[in-house]
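Visitor: Next comes the sequence, and after it the predicted model I'd like to discuss.
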Amino acid sequence: MPIRSNFLAALLLTTAAGSAQAASRLNIVTATEDLAALAREVGGDRIDVESIARGYQDPHFVEPKPSFLLKLQKADLLLVVGLQLEIGWLPPLITQSRNPKIQPSAPGYMDLSASAKIMEIPVGQVTRAMGDVHPLGNPHYWLDPDNGRRMAKAIADKLSQMDPSSAAGFAQRYAEFERHLTAAEKEWDQKMAPFRGQKVITYHRSWPNFCGRFGLVVVDYVEPKPGIPPTPSHTLDVINIMLREKINLILVEPYFDLRTPNSIAQKTGGEVVVLLPSVGGVKEVKDYFQLFDYDVNLLVKAFSKVK
Ligand SMILES: [Zn+2]
């Protein structure tokens, strides 16, 4: 049966070619979904990328699972947020993976904070009494689209080093991303322009980059200190500040308990806004653009409601 065996041979050939191509794709693991989203923008079909943390989880506290080790064992490149954001869960996983490519001193370990503008770098000594202060600066830096641009560029350069034969493709995809981002930033800035100078309360210090970018002023936090749960006396302070300074919005990350923010809102006539710090925070937010679309639209709605 010559036809049939030809067909079979052809089939075998295509499968072999297919898996050779799959094998040549860079295997990337990221700490968070934001980094995976940016890697996807510039890597396209030349990479496989998977995040460890989910976008609806608190990235400071991720419960390790055996499946994370399997991912890390196969990775060519690990992208991390850095600035100690993942210090509570990622370092032991990296060690246990025994993958030499992604150990912190190896070329397959990439800390994206090196490419970003970092805010809130503490001056002087950081002590335990200050709460969970990130001693190297605020790690929630991906929430300024200009940092997204810098991070995407750094990832594109890294991918080109690791897979030079695809460098032109990575450069082209980055250029496309950059154009799209510049257009989107114009739209976001326009939508947020009427609210520049508005004061807000946030739960955790996740938003200095976001608020700085869009001109919102963070006056206080629901947490008395970073990483420390609300206390009755601090909650009372927040209520008084909101009343005194006529602050209406309390921005809360999706993984925090809403009881304290809700009771603050009740006593001040304010509004709780569950803003997303990450891609994947809700199902429909699948990429870096949708993250800002979602947050900007939510804020515009909330500010219009309390006006
Ligand atoms: Zn934090």
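Guide: Nice, I can see it. All values derive from a computational prediction rather than experimental measurement.
Visitor: which residues does His180 contact?
Guide: Going by Cβ atoms under 8 Å, 6 or more residues apart in numbering, His180 touches Phe289. Quick note: C-beta positions are derived from backbone N, CA and C, even for glycine.
Visitor: Compute the distance between it and Asp287, please.
Guide: According to Cβ to Cβ, to the nearest Å, His180 and Asp287 sit 10 Å apart.
Visitor: go on, Asp45?
Guide: 15 Å.
Visitor: do Arg149 as well
Guide: 14 Å.
Visitor: Of those two, which one has the most company?
Guide: Arg149 (20 against 17; other Cβ atoms under 10 Å).
Visitor: Surely the more buried one is within a strand?
Guide: No: read with DSSP: H, G, I helix; E, B strand; the rest coil, Arg149 is helix and lies in no strand.
Visitor: Now it: closest residue in space, sequence neighbours ignored.
Guide: Leu181 (5.7 Å; Cβ to Cβ, 6 or more residues apart in numbering).
Visitor: try Val217
Guide: Lys199 (4.7 Å).
Visitor: Kindly report the same for Leu83.
Guide: Excluding the flanking residues, the one nearest Leu83 by Cβ to Cβ, 6+ apart is Pro139, at 3.8 Å.
Visitor: hang on, Leu112 packs against Leu85?
Guide: No: between Leu112 and Leu85 there is no contact under Cβ atoms under 8 Å: 10.4 Å.
Visitor: quick one, which of the two is more surrounded?
Guide: Taking neighbours as other Cβ under 10 Å, Leu112 and Leu85 compare with Leu112 leading, 28 against 22.
Visitor: Can you check the pLDDT for the more buried one?
Guide: Note on Leu112: pLDDT of 98.
Visitor: how near is it to Gly148?
Guide: Leu112 sits at a distance of 10 Å from Gly148 (criterion: Cβ to Cβ).
Visitor: intersection of neighbour lists for those two?
Guide: Common neighbours of Leu112 and Gly148 (criterion: Cβ under 8 Å, 6+ apart): Trp142.
Visitor: Is there a neighbour count for Ser115? I'd like the number.
Guide: That count, for Ser115 with other Cβ under 10 Å as the rule, works out to 18.
Visitor: ok, and the closest non-adjacent residue to it?
Guide: Ala154 (3.7 Å).
Visitor: try Met110
Guide: Met110 sits nearest to Leu79 (Cβ to Cβ, 6+ apart), 5.2 Å away.
Visitor: That neighbour belongs to a helix?
Guide: No: read with three-state DSSP, Leu79 is strand and lies in no helix.
Visitor: and the residue nearest to Leu83, helix, strand or coil?
Guide: coil.
Visitor: And Met110, which helix or strand is it part of?
Guide: Under the criterion DSSP states H and E, the helix or strand holding Met110 is strand 109-111.
Visitor: Next: Ile28.
Guide: Element membership of Ile28, judged by DSSP H and E, is strand 26-30.
Visitor: after that strand comes which helix or strand?
Guide: Remark: after strand 26-30, the chain's next helix or strand is helix 33-43, criterion DSSP H and E.
Visitor: Would you map the helices across the stretch 1-150 of the chain?
Guide: With DSSP state H, counting those that start in this stretch as the criterion, the stretch 1-150 of the chain has helices at 2-24, 33-43, 66-73, 90-97, 145-162.
Visitor: ugh, wrong one, I meant the stretch 201-307 of the chain
Guide: 208-214, 232-244, 259-268, 288-306.
Visitor: where does the chain have low pLDDT?
Guide: 1-23 (pLDDT under 70).
Visitor: Ignoring the adjacent residues along the chain, who's closest to Val80?
Guide: Per Cβ to Cβ, 6+ apart, closest to Val80 is Ala31, 4.6 Å.
Visitor: how many other residues sit next to that neighbour?
Guide: Ala31 has 24 neighbours, counted by other Cβ under 10 Å.
Visitor: got a list of what it touches?
Guide: Neighbours of Ala31 in contact, by Cβ under 8 Å, 6+ apart: 51-53, 59, 78-81, 85-86, 90.
Visitor: pretty sure Gln290 is in contact with Ser278, am I right?
Guide: No: under the criterion of Cβ under 8 Å, Gln290 lies out of contact with Ser278, with a separation of 11.3 Å.
Visitor: more neighbours, the two?
Guide: Legend: neighbour count by other Cβ under 10 Å for Gln290 and Ser278, higher for Ser278 (27 against 17).
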